[in-house]
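Engineer: Model the following, please.
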Amino acid sequence: MSEIIIAIVISSLFSSILTGLLMLLAVQKWKKQKLDHELENVANLVGEKVKQGVMEAVDEKLPLFQEKVKTGMIQGLMEVTSISPDVKNAVELIRGSIEESLGLVFGKNNLNQK
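Structural biologist: This is a model prediction of the structure:
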C-alpha cells in the first residue's frame, strides 16, 4: 500500500514539475512575441521620426543650397565670359538652358523665382 502512495506522490510531483516547466516555456514565448512586436513598433516610430527630421532639415536647407549653386554657376559663367566676347556670346546663348537644367535638378521650373 505504501508503494502505491509513493508512486502517486512521485507521479504527482513529476506531473507538477512538468506542467510548471511547460507553462514557463509558454510564458517566455508569449513575452518574446510581445516584446518583438513592441520593438518593431518602436523601430517604425523611430524610423518615421528620423525621416521626418531629415525631411524638415532638407526643407530648411535646400533653398540655401539652391541659391549657392545658382550663385556659383552665375559667378563661373561671369568669369568665363570675361575671357573673350565670343565666349560671352556663347554663354548667353546657353544660359537659359543651364538655368532650366538647374531648375529640373532642384524641382523648380525657374530658379529666378523667389
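Engineer: Name the nearest residue to residue 95, sequence neighbours excluded.
Structural biologist: Nearest residue to residue 95, sequence neighbours excluded (Cβ to Cβ, 6 or more residues apart in numbering): residue 77, at 6.6 Å. (Each C-beta comes from the backbone N, C-alpha and C, glycine too.)
Engineer: so what does the helix or strand encompassing residue 65 touch, helix or strand wise?
Structural biologist: Assigned by DSSP states H and E, residue 65 belongs to helix 2-81. Helix 2-81 sits against helix 85-106, with contacts defined as 3 or more Cβ pairs under 8 Å, 6 or more residues apart in numbering; DSSP states H and E.
Engineer: tell me the angle of the helix it packs on relative to helix 2-81?
Structural biologist: Here helix 85-106 runs at 160 degrees with respect to helix 2-81, directions being taken by axes from the mean of the first three to the mean of the last three Cα atoms, to 10 degrees.
Engineer: buried stuff in helix 85-106?
Structural biologist: For helix 85-106, a neighbour-count test (16 or more other Cβ atoms under 10 Å) marks 91, 98, 99, 102, 103 as buried.
Engineer: wait, doesn't the second one sit right on residue 74?
Structural biologist: No - Residue 98 lies out of contact with residue 74 (Cβ atoms under 8 Å); the separation is 9.3 Å.
Engineer: which stretches of this structure have low pLDDT?
Structural biologist: Filtered on pLDDT under 70, the chain yields the residue ranges 107-114.
Engineer: Can you report phi and psi for residue 84?
Structural biologist: Phi and psi for residue 84, reported as degrees, to the nearest 10, are phi -160, psi 160.
Engineer: going forward can the numbers begin at 35, since that is how I track them
Structural biologist: Sure, I'll start numbering at 35, so the last one becomes residue 118.
Engineer: Around it, how many other residues sit close by?
Structural biologist: Using other Cβ atoms under 10 Å, the number of residues around residue 118 comes to 10.
Engineer: measure it to residue 109 for me?
Structural biologist: Using Cβ to Cβ, to the nearest Å, one gets 18 Å for the distance from residue 118 to residue 109.
Engineer: now residue 59: how far from residue 95?
Structural biologist: For residue 59, the distance to residue 95 - Cβ to Cβ - is 53 Å.
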